[in-house]
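> Coordinates only, no sequence provided:
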């Protein structure tokens, strides 16, 4: 849920912070106080487009920040998106979102402190907040989402089976396409594969030989340096003037003469004798090494040629020698498939027919489930619409056949007949914002247990209604808030009465500038705000009494 919201330098909102609660949060205040700006700020948090005139006059940028507290289900779904995007995942089920909007409309987006894109935020925001308003008809309205909404209502468990069967079918189609083409193309490809195999067979590659070749090349190019170093070392140790072996021998003789005087010198003498033996052995090894060095130019040329071949094959077939060696097995399998292309295609066509039939069977079953669910959904929504003062309106779910795909073979669209005797029209063409808001509310009542979005935002849901209808809308929003956090902007006390938390938005003039303040109302303050909404600028005793009655009735409903 949206736990904390802060808006800075956002039009008339210089610095507003709101701590939202679970359940139903109502936002009230005079027209123009800034309520819709708060909704617009929330829309930015779900990836909405930033307007060029958002930053407050005199400020370089506006900032919207939020803390979301995630359910276990949302932790899983959001973590998958964050990890896929390479974004950090906070511990404790917390998500931090920040939008910075500069003058001109350019913006920067941060998720858990890391810079990202507004598009990525919109993917994440769709899981966090569902916003319904007179000017923001996201989610439930667009036809592309109607099939998903219907499936969430009735057939959620069948969608993975449909996707699996479709993926199996498309995998076979891909294999057939790889073997496709005319006979000339197949022959050309077979010749090319044979050429590559001959090249690899003639190379007789051995795992690890590239490392050995590099070492041989380096050694052969340094023969003279290696020989000179070995001989110089041998002379310093053994055969040269003032060789180390002679010095060690002299030291040993000196100690031998006095060991009988003090046997403590016996151990140093033993160590020197060992050093003489080791030095003599090292000198022998150095002479043998120098004798074995082969400066044959032809050997170097052979190594360089082999190394060049290995390097070329590595560039051609893969980044390592092991990948090149593995390429031979891959080419062998491809040649076998090409040589038995007709037989292989026949096998694949048979498998495709079976896979297509499986996909069709799942799609037909899914269509049946959708049609049954469509009746239940329409009945539930139309009952809610009647309670919301739209008894003449009828929502229908139209399911039309379309080409088989990963979502089945159905095109789904929600349509509305606003009045009896009228033809149903696609929901996207419903003109009245007030009607659309109530339709969306009715849909959400039916679907509130079918999606994982934690926060619903209603703006202007009370447009064009009043009296008993308004009271019903309040009850319906209260019902939605039993399962979800709700933030509702309203002008009607009948709706605000059902809120768990009531926030008042007011603007005033401070030092010649307009400032907006958002305050969570106490019980007494709430009574006064409800009385104001009922009676206007002058709050009467009867308005306060009416407010008390309305609050008591809502709390006991």
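Arrived safely. The shown structure was predicted, so the numbers you read here are calculated from the model rather than taken from an experiment.

> Going by neighbour count, list what's buried in the longest strand belonging to the chain.
For the chain, the longest strand by residue count, based on DSSP state E, is strand 394-405. Neighbour counts over strand 394-405 (16 or more other CB atoms under 10 Å) mark 394-397, 399, 404 as buried. (Each C-beta comes from the backbone N, C-alpha and C, glycine too.)

> Helices of the stretch 1-150 of the chain, start to end?
Listed in chain order, the helices of the stretch 1-150 of the chain (DSSP state H, counting those that start in this stretch) span 35-45, 72-84, 118-128, 146-154.

> Show me which positions of the second one end up buried.
Spelled out, it's helix 72-84. 74-75, 78-79, 81-82.

> Give me the contacts around it.
70, 88-89, 93, 95, 111-112, 120, 123-124, 127-128, 452, 454 (CB atoms under 8 Å, 6 or more residues apart in numbering).

> Pull out the buried residues from these.
70, 89, 95, 111, 120, 124, 127-128, 454.

> Which one of those residues is nearest to residue 152?
When these are compared for distance to residue 152 (CB to CB), residue 127 wins out at 13.1 Å.

> And the helices of the stretch 1-150 of the chain: which comes nearest residue 207?
helix 72-84 (35.1 Å).

> Report the inter-axis angle for that closest one versus helix 118-128.
On the basis of axes from the mean of the first three to the mean of the last three CA atoms, to 10 degrees, helix 72-84 is oriented at 170 degrees to helix 118-128.

> Check the offset of helix 72-84 from the chain's centre.
Chain-centre distance of helix 72-84: 7 Å, with CA atoms, centre = their mean, to the nearest Å.

> Over to stretch 349-359?
For stretch 349-359, the distance to the chain centre is 33 Å (CA atoms, centre = their mean).

> Report the buried residues of it.
So, applying 16+ other CB under 10 Å, buried residues of stretch 349-359: 351-352, 355-356, 358-359.

> swap in stretch 499-512?
499, 501-505, 507.

> got it, and stretch 176-196?
By 16+ other CB under 10 Å, the buried positions in stretch 176-196 come out as 179, 186, 189-190, 193, 196.

> Can you add secondary structure and give the residues you listed back as JSON lines?
Converted to JSON lines, the buried residues of stretch 176-196 look like this (DSSP: H, G, I helix; E, B strand; the rest coil):
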{"residue": "179", "secondary structure": "helix"}
{"residue": "186", "secondary structure": "helix"}
{"residue": "189", "secondary structure": "helix"}
{"residue": "190", "secondary structure": "helix"}
{"residue": "193", "secondary structure": "helix"}
{"residue": "196", "secondary structure": "helix"}
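
> Format those as a markdown table; extra columns: distance to residue 301 and pLDDT.
Formatted as a markdown table, the buried residues of stretch 176-196 follow (distance: CB to CB, whole Å; pLDDT from 0 to 100):
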| residue | distance to residue 301 | pLDDT |
| --- | --- | --- |
| 179 | 44 | 74 |
| 186 | 41 | 74 |
| 189 | 36 | 81 |
| 190 | 36 | 83 |
| 193 | 32 | 87 |
| 196 | 26 | 87 |
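
> Residue 512: which of the residues you listed is nearest?
residue 179 (77.8 Å).

> quick one on the thing from earlier: with respect to residue 175, which of the helices of the stretch 1-150 of the chain lies nearest?
Of those, nearest to residue 175 by CB to CB is helix 72-84, at 27.5 Å.

> quick one: average pLDDT of that closest one?
Mean pLDDT, helix 72-84: 84.

> tell me the contacts of the spatially closest residue to residue 28 that is not a sequence neighbour?
Counting by CB to CB, 6 or more residues apart in numbering, residue 28 lies nearest to residue 496, which is 5.4 Å off, once chain neighbours are set aside. For residue 496, the contact set (CB under 8 Å, 6+ apart) comprises 26, 28, 474, 490, 502, 529-530, 533.
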